[in-house]
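Colleague: return a 3D structure for these sequence lines:
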Amino acid sequence: MAEQFTDSANNVIIEEVNKGLNPGTIVLLVITTLLLLFFVGNYALYMYAQKTLPPRKKKPVSKKKMKREKLKQGVSAPGE
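Modeller: Numbers count the residues shown, from 1 in each chain. So this is what the prediction gives:
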């Protein structure tokens with residue numbers, strides 16, 4: 001399946017015809033496809049979770065921080 005050509009100096013040039021895909025190209029396509037599926041799946045799960053899960057609760061503010069904030073504002077803390 002090799003094609004032969006002759007150039008201007010009468011040298012025979014044999015050109016191989018590529019059959020199928022290069023193994024490196026196949027590996028690259030498989031890895032790219034897997035990565036793409038991974039990211040699309042993660043995005044789909046994220047969107048599903050945003051719609052179905054309840055919002056997260058905020059952490060309770062500690063009494064020490066509340067006391068400090070009230071003192072900054074000039075309001076005396078209760079019990080003092």
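Colleague: list the contacts of residue 73.
Modeller: Counting by C-beta atoms under 8 Å, 6 or more residues apart in numbering, residue 73 makes contact with nothing. For every residue, glycine as well, the C-beta is placed using N, CA and C.
Colleague: run the chain-centre distance for the helix or strand where residue 65 lies.
Modeller: Secondary structure assignment for residue 65, by DSSP states H and E: helix 63-73. Shown here is helix 63-73, whose average C-alpha point lies 42 Å from the average C-alpha point of the whole chain (C-alpha atoms, centre = their mean, to the nearest Å).
Colleague: let me see the mean pLDDT of that helix.
Modeller: The predicted model gives helix 63-73 an average pLDDT of 83.
Colleague: please apply the same query to stretch 40-53.
Modeller: Per-residue pLDDT values across stretch 40-53 average out to 95.
Colleague: quick check: buried residues in it?
Modeller: Along stretch 40-53, not one residue counts as buried under the neighbour rule (16 or more other C-beta atoms under 10 Å).
Colleague: now do residue 74 against residue 67, distance only.
Modeller: Taking C-beta to C-beta, to the nearest Å as the measure, residue 74 falls 13 Å from residue 67.
Colleague: which one of the two has more residues nearby?
Modeller: A direct count of neighbours by other C-beta atoms under 10 Å for residue 74 and residue 67 places residue 67 higher, at 15 against 6.
Colleague: look up how far residue 58 lies from the more buried one.
Modeller: Taken as C-beta to C-beta, the spacing of residue 67 relative to residue 58 amounts to 19 Å.
Colleague: neighbours of residue 66, how many?
Modeller: Look at residue 66: counted by other C-beta under 10 Å, it has 13 neighbours.
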